[in-house]
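**Q** Got a sequence here, can you model it:
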Amino acid sequence: MLPLPDEITVFPAHYGPGVEVHAHELVARPLGSLRSTLPALELDENAFVTWAVAHVKDRPGNYQQIVQINAGAVELGGEASELELGPNRCAIA
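**A** Numbering: from 1, shown residues only. Sure, this is the predicted structure:
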């Protein structure tokens, strides 16, 4: 699916229990090693889109507020830490 070379370094947007994190070390892996451990990276484009749509989570309650702030339509004010502490659910949509 990804036309990039296997040597490209990939940094995760998130990590979970399957990722070891060590002080003073980057959390990154070569794309080639991820292709063999993340089955979704081996899918063609249509299959990947089907997989991604099936795994989309509900957006957090403050999603629309964050969109408005990111678009510059609403001032952030002093609530940045509250927005960061809220649920952090990503979605492909």
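**Q** May I see the buried residues of the lengthiest helix in the chain?
**A** Across the chain, the longest stretch assigned as helix under DSSP state H is helix 45-54. For helix 45-54, a neighbour-count test (16 or more other Cβ atoms under 10 Å) marks residue 48 as buried. Where C-beta positions appear, they are placed from N, C-alpha and C, glycine not excepted.
**Q** how distant is it from the center of its chain?
**A** Centre-to-centre, helix 45-54 and its host chain are 15 Å apart (Cα atoms, centre = their mean, to the nearest Å).
**Q** try stretch 74-81
**A** So, by Cα atoms, centre = their mean, the centroid of stretch 74-81 is 23 Å from its chain's centroid.
**Q** Quick one: mean pLDDT over that stretch.
**A** For stretch 74-81, mean pLDDT rounds to 74.
**Q** List the contacts of that stretch.
**A** 65, 68, 69 (Cβ atoms under 8 Å, 6 or more residues apart in numbering).
**Q** So this structure: which segments form each domain?
**A** Structural domains assigned to the chain are 9-54, 57-93, following automatic domain parsing.
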